[in-house]
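**Student:** Based on what follows, work out the 3D shape:
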Amino acid sequence: MTTHAIESIFILVAAVFWLASAYWTVKDARRRIDDSWLLVLAAIIGLVPYLGPLVYMLFRPPEYLEDVRERELEIRAMEDRLSHRGLVCPVCRTDVDPSFLVCPICTTKLRQACATCRSPLEALWQVCPYCETPIDAGASIVPRRGD
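**Tutor:** Below is the predicted model:
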């Protein structure tokens, strides 16, 4: 093999590596960046031979957009579960309305009803806030919990 052929192969390999690294930079930027102007900037930086992809790797966002969206969905799902805390039957875990006196599925008593106005009362109340009737302290109910 002549030195000219070796030089040609070396230049070809260097050009392929340069184009592959520029392609990788653009492909990675599409997965990490949502702004089109920043995508164009990443592509331009990726075309700088050899140094561009290294600079891009230093300043690229740490997460993929898909991972960010997935994390936000998980957080939203946890917030939804936490916001429903206390709105489930403590026995069968069925969602119950705050106005229910008993669970419609397992018939567990959730709240005491006011003797006068029949409004649902919380376990710790001493008087009905709707009609001012004192609550009988001897009546026991299962406290509502969402744990």
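
**Student:** Which residue comes closest to A115 once chain neighbours are left out?
**Tutor:** Spatial nearest neighbour of A115, excluding adjacent residues (Cβ to Cβ, 6 or more residues apart in numbering): T133 at 6.2 Å. (Each C-beta comes from the backbone N, C-alpha and C, glycine too.)

**Student:** Low-confidence regions, this protein specifically.
**Tutor:** Counting by pLDDT under 70, the ranges of the chain that qualify are 84-86, 137-147.

**Student:** residues near R60, how many?
**Tutor:** Neighbour count of R60, defined by other Cβ atoms under 10 Å: 18.

**Student:** Grab the nearest non-local neighbour of it.
**Tutor:** Nearest non-adjacent residue to R60 (Cβ to Cβ, 6+ apart): R32, at 5.7 Å.

**Student:** pretty sure the one you found is touching Y64, no?
**Tutor:** Yes: R32 lies in contact with Y64 (Cβ atoms under 8 Å); the separation is 5.7 Å.

**Student:** Can you pick out the residue with more neighbours from those two?
**Tutor:** Legend: neighbour count by other Cβ under 10 Å for R32 and Y64, higher for R32 (20 against 14).

**Student:** which residues touch that one?
**Tutor:** 60-61, 63-65 (Cβ atoms under 8 Å, 6 or more residues apart in numbering).

**Student:** Flag every buried residue along stretch 30-40.
**Tutor:** Neighbour-count burial for stretch 30-40 flags 32-33 (criterion: 16 or more other Cβ atoms under 10 Å).

**Student:** Same check on stretch 11-19?
**Tutor:** Buried, per 16+ other Cβ under 10 Å, within stretch 11-19: W18.

**Student:** go on, stretch 108-115?
**Tutor:** Buried residues in stretch 108-115 (16+ other Cβ under 10 Å): 108, 110-114.

**Student:** mind putting the residues you listed in CSV, secondary structure and distance to D28 included?
**Tutor:** Formatted as CSV, the buried residues of stretch 108-115 follow (DSSP: H, G, I helix; E, B strand; the rest coil; distance: Cβ to Cβ, whole Å):
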residue, secondary structure, distance to D28
T108, coil, 54
L110, coil, 54
R111, coil, 56
Q112, strand, 61
A113, strand, 62
C114, coil, 64
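
**Student:** Good, we can wrap up now.
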